[in-house]
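>>> Requesting a structural model of the entry that follows:
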Amino acid sequence: MDTINDVTDEAAVADLFEGLVGVLRKEIEVYGELLSAVRQERAILIRPAVDKIQESNARKETCVLKAKMLEEVRLKGLRKIAGALGIDPAGINISLLLNYAGYRHRDELRDCQLMLRPLLEEVRKANEANRLFLESSIGSVEGSIRFIQSILYPGTTYLDSGEMKRQAGSGSFLRTEG
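Numbers count the residues shown, from 1 in each chain. A predicted model of the protein is given here:
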């Protein structure tokens, strides 16, 4: 169905598009909050404090839960629009809906789409940068632990399998006499 002939059907579909645009705008707002939280997390990770990390995690979890709820509402709205337009709900997306929307909704949907794509990409990149920072930090800590262990337990011997066997150390750095 390329056009909607019945005025009542047209009004109902327009209301559905209006609802979809509203949900998309809320998603943009929530993903903006998430991006802000992920960016702030980086500063917290550089100078960590347990309470700040927990606060940051709670903020991100709240944003993610909001985003999931909005996604469910958006998908429900998309299915309703697909049903009203007689198109397969499995393949529906914003780009496809642009072909069916009226001028006003088409522009609003396109604007939301143009805002959401780069916003989601920024969230992904910021989150990835934080993940790499954490992995690097963990690697440094593990290296320090291995170094300290090599000082505490310096003697090793080889097992028959070729693996190194650690000897129990005294557990102290200094040995005093007298």
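
>>> For the protein, give me the ranges with low pLDDT.
1-8, 154-158, 164-178 (pLDDT under 70).

>>> Scan it for its longest helix.
Taking DSSP state H as the criterion, the chain has its longest helix at helix 103-152.

>>> same for it, what does it pack against?
helix 7-46, helix 94-97 (3 or more Cβ pairs under 8 Å, 6 or more residues apart in numbering; DSSP states H and E). Every C-beta, even on glycine, is put in place using the N, C-alpha and C of the backbone.

>>> Going by neighbour count, which residues of the following helix or strand past the first one are buried?
What that stands for is helix 7-46. Counting by DSSP states H and E, the element after helix 7-46 in chain order, helix or strand, is helix 50-85. With burial defined by 16 or more other Cβ atoms under 10 Å, the residues of helix 50-85 counted as buried are 56, 59-60, 63, 66-67, 70, 73-74, 77-78, 80-82, 84-85.

>>> how far out from the middle of the chain is the longest helix of the chain?
Once both centres are worked out by Cα atoms, centre = their mean, to the nearest Å, helix 103-152 turns out to sit 8 Å from its chain's centre.

>>> ok, now stretch 50-69?
11 Å.

>>> what's in contact with that stretch?
Contact with stretch 50-69 is made by 27, 30, 31, 33, 34, 37, 38, 40, 41, 44, 45, as judged by Cβ atoms under 8 Å, 6 or more residues apart in numbering.

>>> Would you mind listing which of those residues are buried?
27, 30, 31, 33, 34, 37, 38, 40, 41, 44.

>>> Can you name the two of the residues you listed that sit furthest apart?
Longest distance between any two of those is 25.1 Å, between 27 and 44; criterion Cβ to Cβ.

>>> Residue 73: what's it in contact with?
With contact taken as Cβ under 8 Å, 6+ apart, residue 73 is in contact with residue 23.

>>> Could you report the distance from the residue nearest to residue 98 when sequence neighbours are not counted to residue 68?
Using Cβ to Cβ, 6 or more residues apart in numbering and skipping the chain neighbours, the partner closest in space to residue 98 is residue 106 (5.4 Å). In this view, residue 106 and residue 68 are 27 Å apart by Cβ to Cβ, to the nearest Å.
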